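Undergrad: Sequence plus the predicted model coming up.
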Amino acid sequence: MAYWLMKSEPDVFSFTDLTNKPLEEWHSVRNYAARNNMKAMKKGDKAFFYHSNIGKEIVGIMTIVNEAHPDSTAEIVDGKIVWECVDVEADKPLPTPVTLAQIKADPFLQDMALIKLSRLSVSPVTAAEWDYICKLGGL
DNA sequence: GCCAACGTTGGC
DNA sequence: GCCAACGTTGGC
């Protein structure tokens, strides 16, 4: 099983919004690197839900429930939908959200794509980083 | 609201 | 295929 981190602006779609739905299509990603990461996801993989812009913290965990499929919000070019996305469902919130400031200040987390590639909205997380952040979050 | 980082576009 | 111009993301 692999681990990931996915960003959303909470005033557009927050972790609370996700918990109120049975599942959600992670649509509207328009970046090739992020899309490739989604295509690499397997059913059952886990992902952190990060609130960008507002909060700037990891607030919860979600599960990948459907692997990459055409993005229903993407425009059709030459009869094909060029963008893809996965479906996710809420797993559980972190009892204590882990902030970007904490991650930046922690020597163990310096290699995270969240810091090194700050504009990448879907990025991989190592098992070690995953466990470490879960502990910081009170799980 | 500003700006740095970075991806994309289009002229050459 | 290079690179300047431009647009977007996201932290501050």
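TA: Now that the structure is in, tell me what you want to look at. Numbers count the residues shown, from 1 in each chain, chains lettered A, B, ... in the order given.
Undergrad: for chain A, what spans make up the helices?
TA: Taking DSSP state H as the criterion, chain A carries its helices at A:15-19, A:32-39, A:100-105, A:113-116, A:127-136.
Undergrad: could you say what helices and strands the fourth one packs with?
TA: Think helix A:113-116. Secondary-structure packing of helix A:113-116 (3 or more CB pairs under 8 Å, 6 or more residues apart in numbering; DSSP states H and E): helix A:100-105, strand A:122-125. For glycine as for every other residue, the C-beta is placed from the backbone atoms N, C-alpha and C.
Undergrad: Deepest-packed of those, please.
TA: Neighbour counts (mean count of other CB atoms under 10 Å) averaged over each of the helices and strands packed on helix A:113-116 peak at strand A:122-125, with a mean of 21.
Undergrad: in its sheet, what does that strand sit against?
TA: strand A:3-8 (antiparallel) (DSSP bridges).
Undergrad: Run the angle between the partner strand and helix A:32-39 for me.
TA: Using axes from the mean of the first three to the mean of the last three CA atoms, to 10 degrees, the direction of strand A:3-8 lies 130 degrees away from that of helix A:32-39.
Undergrad: so who does residue A:3 touch?
TA: A:45, A:46, A:47, A:48, A:124, A:125, A:126, A:127, A:129, A:130 (CB atoms under 8 Å, 6 or more residues apart in numbering).
Undergrad: Could you dump these into CSV and include pLDDT and distance to DNA strand B?
TA: Formatted as CSV, the contacts of residue A:3 follow (pLDDT from 0 to 100; distance: CB to the nearest atom of the strand, whole Å):
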residue, pLDDT, distance to DNA strand B
A:45, 98, 23
A:46, 98, 25
A:47, 98, 20
A:48, 98, 20
A:124, 96, 15
A:125, 97, 18
A:126, 96, 19
A:127, 97, 24
A:129, 97, 19
A:130, 97, 23
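Undergrad: What is the most widely separated pair among those?
TA: Greatest spatial distance among the contacts of residue A:3 (CB to CB): A:45 and A:129, at 14.4 Å.
Undergrad: Which one of the helices of chain A lies nearest to residue A:1?
TA: helix A:127-136 (8.7 Å).
Undergrad: circling back: out of the contacts of residue A:3, grab the one that's most surrounded.
TA: With neighbours taken as other CB atoms under 10 Å, the top of the contacts of residue A:3 is residue A:47, carrying 27 neighbours.
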